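# Sequence first, predicted coordinates after that:
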Amino acid sequence: MSVRVRYAPSPTGDPHVGNIRTAIWTWLHARRHGGAFILRIEDTDQSRAVEGSVERIEDSLRWLGLDLDEGPEQGGDYGPYVQSQRLERYHAASEQLLADGNAYRCFCTPDDLRAMRERQRAAGRPQGYEGVCRDLDAARAAARAAAGESHVIRFRMPRDGVTVFSDLIRGAIRYENRLLDDLVLLKSDGFPTYHLAHAVDDHAMAITHVTRGDEWIPSTPRHVRIFEALGHEPPTYVHTPVILGPDGGKLSKRHGAQSVLDYAAEGYLPEALLNFLAIMGWALDDKTEILSAAEMCAAFDLADLNPAPAGFNSEKLEWMNGVYMRQLPEADLAARFAERLDRDLPESVTRPVDGGLVEQFTPLIRERVKLLSEVAELTDFFFAEDVPVAEPGEFLGRSFRREPERAAPALAAATAALEGLRDDWRTEPLEAALRSLAEELGVRAGDLFMLCRVGVTGKRVTPPLFETMEIVGPAASLARLAAAETALRAAYPA
Ligand code: GLU
């Protein structure tokens, strides 16, 4: 039987890292085994649906490179892939379960259920539906329903015995049936619950492995019984562990846990996030940490997952992002910088940004950039017609802080020296000229460079100065230096 696996999110917002890690593992399993990776949107709880979520789910998968074989956008032989478009299937299944006596109509009102929960709490008894309507006469219940009385349909869970199911990474899990209450399958609004919908769909879509968070474990014995009652073979279950935050609790927004698209916006590389999440609970061996998608696809198997929760380590993610940043071929990295700059540079810069220019400065910054989002701040002056002159204090290194009135004359001398290199405007001569001038003037070379750096770029932290000046070119560099000198002279008169 060929592997068919699915990612089945509810459209309640942007997918978060825990959820998407399960999707990554699911995708890897499909790719490793030549199977199909399917997206199914589980939107049966309409009250929790968030506008735009489906697009954000699809964008997240696309950004990470998790390509889909079937889904709402791709279509496929088992569609529709959105549960709200499959209601008749759930109705047919619940009719079948009712007819076979495996389900029953329940007329308990929300008030009845609230009162029941309060009695249970007060008596210190476990919570759960007590089965008030379980033994109603089926024909009479059907008549009440036909007369329009509001009701739900519940699964009739066996009262005694045990249910054992096997989880691929946890082995056999055993539950006593008397501890498991009768789940709602179909709600009063005619929508199914997750319990019914996933069973119907995972069967109908020929899903081989159900990968989902371990919060579903207590429901699984009931799910297995639902499959059985429908006459279907249950899939292989794989319950993935939670991701822990730094305080040992489940990672959540409180810890700054983020959605995939937040990481994209912050400037992480998708391959780094993919690698980082994939190995949080799975390992190729006891040492390899940097693994391409292709390497993981060749080796991954759901059976190898570690069922123990893993901790989210943001420093490791940052480190890994740096590794990927340094590993990318230069042209590829330049293309990503350009794409990011298209997004981040001020509107006054023409789009698309000058790719040739980006290629020129990419080697200068590739070692310094940890996140794509840092690129604009570091390189915006390359794109500006005029760079606003920085605050005078920004120009001053140690020696000029003591004698600021020497800054403007020093900058004037530097400008004059550089002027002579207009026709030989290359890194080495520029640097040689300024070094010998610093010696002549008796100032620290670094302080003289800072005057020029802030003059040409408007900031103190930049790519290497002379390479930068070479790219900016003589005309713009000299004009900016002249403007800076004027400003310094006014701020610190002799
Ligand atoms: N819609 C469920 C959720 O988002 C999916 C669980 C599953 O994958 O079966 O939690």
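Received the coordinates, thanks.

# Which strand or helix spans the closest residue to the ligand within the stretch 51-200 of the chain?
Proximity of the stretch 51-200 of the chain to the ligand (CB to the nearest ligand atom) peaks at residue 198, 5.0 Å away. In this view, the C-beta of every residue, glycine as well, is placed from N, C-alpha and C. Assessed by DSSP states H and E, residue 198 sits inside helix 194-204.

# Hmm, the residue of the stretch 51-200 of the chain closest to the ligand is touching residue 223, no?
Yes - with contacts counted by CB atoms under 8 Å, residue 198 reaches residue 223, the gap being 7.2 Å.

# Look at the closest residue to residue 307 other than its chain neighbours and say how many residues are nearby.
Of all residues not flanking residue 307 in the chain, residue 169 sits nearest, at 4.7 Å (CB to CB, 6 or more residues apart in numbering). Residue 169 has 18 neighbouring residues, counting by other CB atoms under 10 Å.

# Can you tell me the SS state at residue 169?
coil (DSSP: H, G, I helix; E, B strand; the rest coil).

# where along the stretch 251-400 of the chain do the strands fall?
310-311 (DSSP state E, counting those that start in this stretch).

# so where's it shaky on pLDDT?
The model of the stretch 251-400 of the chain has pLDDT under 70 over residues 256-257.

# how about 80 then?
The model of the stretch 251-400 of the chain has pLDDT under 80 over residues 253-257.

# Residue of it closest to the ligand, please.
Using CB to the nearest ligand atom, the closest approach of the stretch 251-400 of the chain to the ligand is made by residue 302 at 13.3 Å.

# In this structure that residue contacts residue 22, no?
No - applying CB under 8 Å as the test, residue 302 and residue 22 come out as separate, 10.2 Å apart.

# partner residues bridging whichever residue of the stretch 101-250 of the chain sits closest to the ligand?
Nearest to the ligand in the stretch 101-250 of the chain, going by CB to the nearest ligand atom, is residue 212, at a distance of 3.6 Å. Beta-bridge pairing for residue 212 (DSSP bridges): residue 239.

# Can you work out which residues contact both of residue 302 and residue 22?
residue 211 (CB atoms under 8 Å, 6 or more residues apart in numbering).

# tell me the mean pLDDT for the longest helix belonging to the chain?
Determined from DSSP state H, the single longest helix within the chain is helix 474-491. Helix 474-491 shows a mean pLDDT of 97 in the predicted model.

# That one: which residues count as buried?
Residues 474, 476-478, 480-481, 484-485, 487-489, 491 are the ones in helix 474-491 that count as buried (16 or more other CB atoms under 10 Å).

# For it, name the packing helices and strands.
Judged by 3 or more CB pairs under 8 Å, 6 or more residues apart in numbering; DSSP states H and E, helix 474-491 is in contact with helix 407-419, helix 445-457.

# Make CSV out of the ones you listed and add distance to residue 104.
Shown next, in CSV, are the helices and strands packed on helix 474-491 (distance: least, CB to CB, whole Å):
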stretch, distance to residue 104
helix 407-419, 87
helix 445-457, 75
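
# Need the winner for burial among those.
helix 445-457 (a mean of 22; mean count of other CB atoms under 10 Å).

# Next, the contact list for the closest residue to residue 305 other than its chain neighbours, please.
Leaving aside its chain neighbours, residue 305 sits nearest to residue 169 (4.9 Å; criterion: CB to CB, 6+ apart). When contacts are counted by CB under 8 Å, 6+ apart, residue 169 is found next to 238-239, 302-303, 305-307.

# Also residue 200?
Residue 200 touches 86, 89-90, 93, 192, 230, counting by CB under 8 Å, 6+ apart.

# do the same with residue 251
17-18, 242-245, 257, 312.

# do the same with residue 433
Applying CB under 8 Å, 6+ apart, the residues near residue 433 are 417-418, 420-421.

# Read off the pLDDT value for it.
In this prediction, residue 433 carries a pLDDT score of 98.

# quick one: it is in a helix?
Yes - per three-state DSSP, residue 433 lies within a helix segment.

# Could you pull up the residues touching the residue nearest the centre of the chain?
With distances taken as CA atoms, centre = their mean, the chain has residue 260 as the residue nearest its mean C-alpha position (1.4 Å). Contacts were defined as CB under 8 Å, 6+ apart; by that measure residue 260 touches 14-17, 20, 60, 63-64, 273.

# go with 7 Å
Going by CB atoms under 7 Å, 6 or more residues apart in numbering, residue 260 touches 14-15, 17, 20, 60, 63-64.

# Skipping adjacent residues, who's closest to it in space?
The shortest distance from residue 260 to any non-neighbouring residue, by CB to CB, 6+ apart, is to residue 60 (4.1 Å).

# Near that neighbour, how many other residues are there?
23.

# Help me confirm that it is found in a strand?
No - Residue 60 is assigned helix when assessed by three-state DSSP, not a strand.

# give me every residue that touches it.
So residue 60 contacts 14-15, 20, 260-261 (CB under 7 Å, 6+ apart).

# again with residue 71
Contacts of residue 71 (CB under 7 Å, 6+ apart): 38-39, 81.

# How about residues contacting stretch 355-372?
Residues contacting stretch 355-372 (CB under 7 Å, 6+ apart): 266-268, 318, 321-322, 325-326, 330, 333-334, 336-338, 340-341, 375, 378-379, 382, 463-464, 467-468, 471.

# before we move on, back to that, between the contacts of residue 200, which has the most around it?
Going by other CB under 10 Å, residue 192 tops the contacts of residue 200 with 28 neighbours.

# ok, back up a step: can you go through the contacts of residue 60 and name the buried ones?
With neighbours counted by 16+ other CB under 10 Å, the contacts of residue 60 contain buried members at 14-15, 20, 260.

# How about the residues of this structure by the ligand?
Proximity of the chain to the ligand (CB under 6 Å from any ligand atom) is limited to residues 8-10, 42, 194, 198, 210, 212.

# try 5 Å
Contact residues, the chain versus the ligand (CB under 5 Å from any ligand atom): 8-10, 42, 198, 212.

# Please name the residues that touch residue 183.
154-155, 193, 195, 222.

# related to what we said a few turns ago, ok, the contacts of residue 251 vs residue 351, which is closest?
For the contacts of residue 251, the residue nearest residue 351 by CB to CB is residue 17; the value is 31.6 Å.

# Ramachandran coordinates for that closest one?
Note on residue 17: its backbone torsions stand at phi -60, psi -40 [degrees, to the nearest 10].

# Can you verify my assumption that it contacts residue 280?
No - counting by CB atoms under 7 Å, residue 17 sits too far from residue 280 to count as a contact (8.8 Å).

# So these two - more neighbours on which side?
Using other CB under 10 Å, the more surrounded residue of residue 17 and residue 280 is residue 280, with 24 against 21.

# separation between the nearest residue to the more buried one once chain neighbours are set aside and residue 342?
Nearest residue to residue 280, sequence neighbours excluded (CB to CB, 6+ apart): residue 310, at 4.5 Å. Distance, residue 310 to residue 342, by CB to CB, to the nearest Å: 36 Å.
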